[in-house]
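A.B. asks: give the three-dimensional model of this entry:
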Amino acid sequence: MTESVGTRGSALDSLIELVARGGVVVLSGAGLSTESGIPDYRGPTGRARQAEPMTYQRFVGSAEARQRYWARSHAGWRQIGLAAPNAGHRAVAELERRGLIETIVTQNVDGLHQAAGARRVIELHGGLDRVVCLSCRERTRRTELETRLRSANPGWAASGQINPDGDTALTDDQVEGFQVVDCAACGGLLKPDVVFFGENVPRTRVDECFALVAAARALLVLGSSLTVRSGLRFVSKAAALGIPIAIVNQGPTGGDAQAVLTLDAPLGVTLTHLTTRL
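C.D. replies: As a prediction, the model looks like this:
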């Protein structure tokens, strides 16, 4: 039976019982990071903002699009780079430390699971803390790129509303004149080491996640609306195998019909209660 906000106490008891058995794979989404000041696309913070994410096709096909992306991303990096794990991230890391969570598959690109101490994390969509060259494929730390961008744009400063993928909404005047830098090794185009809209998650990474879900005792979805196939496919896989699915999210999700348990509640306080009572 699916439980929700109307039976929140009972739902939490059921969630505790499910997690206590161990063998849990977590699928986390942007809703888990909103309490760290990083907005989401479709949850309560996302509905208050219009954000048009960069697509891979626009990024590689237009120098103007790359200038706009890197200007916005450079402006937003300070908030993303300084974001700290919240109570939800810390609770997940603690449950992993206790051996109840086997692996965390995250749709987030902010690195906050790892910053909270989680060890077995698969970043489904990559991470903003890395940059990849599209020509030589060399990967470098984002902090190195930020140093180069500051050097190439002395005196440049801009601020605006932060978006879920780590950039900031800027005006055309704020973007004008921003200098993009290329790969220091080969001069190729640099891209954040994340999967853009219109780009596919590497097949080997998807297969690894499917295998982990298939071996799990339970799938716990945290802060994902499951609106797109990227995350929903793992819920469908678990349901097809008869693996129980629990969802904690603020608002309905695309996987509610397949879950044995849903809990509409804030992530931080709910996961803290869960950890305390286990």
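
A.B. asks: then the helix or strand where Trp77 lies to CSV, C-alphas only?
C.D. replies: Assessed by DSSP states H and E, Trp77 sits inside helix 63-82. In CSV, the C-alpha atoms belonging to helix 63-82 read as follows (Å, rounded to 0.1, in the frame of the first residue of the first chain):
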residue,chain,number,x,y,z
ALA,A,63,30.7,30.1,-29.9
GLU,A,64,28.1,32.6,-28.6
ALA,A,65,26.3,29.8,-26.7
ARG,A,66,29.6,28.7,-25.2
GLN,A,67,30.5,32.3,-24.2
ARG,A,68,27.1,32.6,-22.5
TYR,A,69,27.4,29.3,-20.8
TRP,A,70,30.8,29.9,-19.4
ALA,A,71,30.0,33.4,-18.3
ARG,A,72,26.9,32.2,-16.4
SER,A,73,28.7,29.2,-15.0
HIS,A,74,31.7,31.2,-13.9
ALA,A,75,29.3,33.6,-12.1
GLY,A,76,27.4,30.7,-10.5
TRP,A,77,30.4,28.6,-9.5
ARG,A,78,31.0,30.5,-6.3
GLN,A,79,27.7,29.4,-4.9
ILE,A,80,28.0,25.8,-6.2
GLY,A,81,31.6,25.5,-5.1
LEU,A,82,30.9,26.8,-1.6
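
A.B. asks: who's in contact with the helix or strand that it is followed by?
C.D. replies: Using DSSP H and E, the helix or strand that follows helix 63-82 in sequence is helix 87-97. With Cβ atoms under 8 Å, 6 or more residues apart in numbering as the test, helix 87-97 has contacts from 19, 24, 26, 28, 32-33, 35-36, 85, 101-102, 104, 112-113, 115-120, 222-223, 267-272, 274-275, 278. To be clear about C-beta, it is placed using only N, CA and C from the backbone, and glycine gets the same treatment.

A.B. asks: can you turn the buried part of those into a PyMOL selection?
C.D. replies: Command for PyMOL, covering only those of the contacts of helix 87-97 found buried under the criterion 16 or more other Cβ atoms under 10 Å:
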select buried, resi 19+24+26+28+32+33+35+36+85+101+102+104+112+113+115+116+118+222+223+267+268+270+271+272+274+275
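
A.B. asks: count of residues packed around the closest residue to Val201 other than its chain neighbours?
C.D. replies: Closest residue to Val201 apart from its sequence neighbours, by Cβ to Cβ, 6 or more residues apart in numbering: Val195 at 5.4 Å. Val195 has 19 neighbours, counted by other Cβ atoms under 10 Å.

A.B. asks: can I assume Val195 is in contact with Leu128?
C.D. replies: No. With contact defined as Cβ atoms under 8 Å, Val195 does not reach Leu128; the gap is 11.4 Å.
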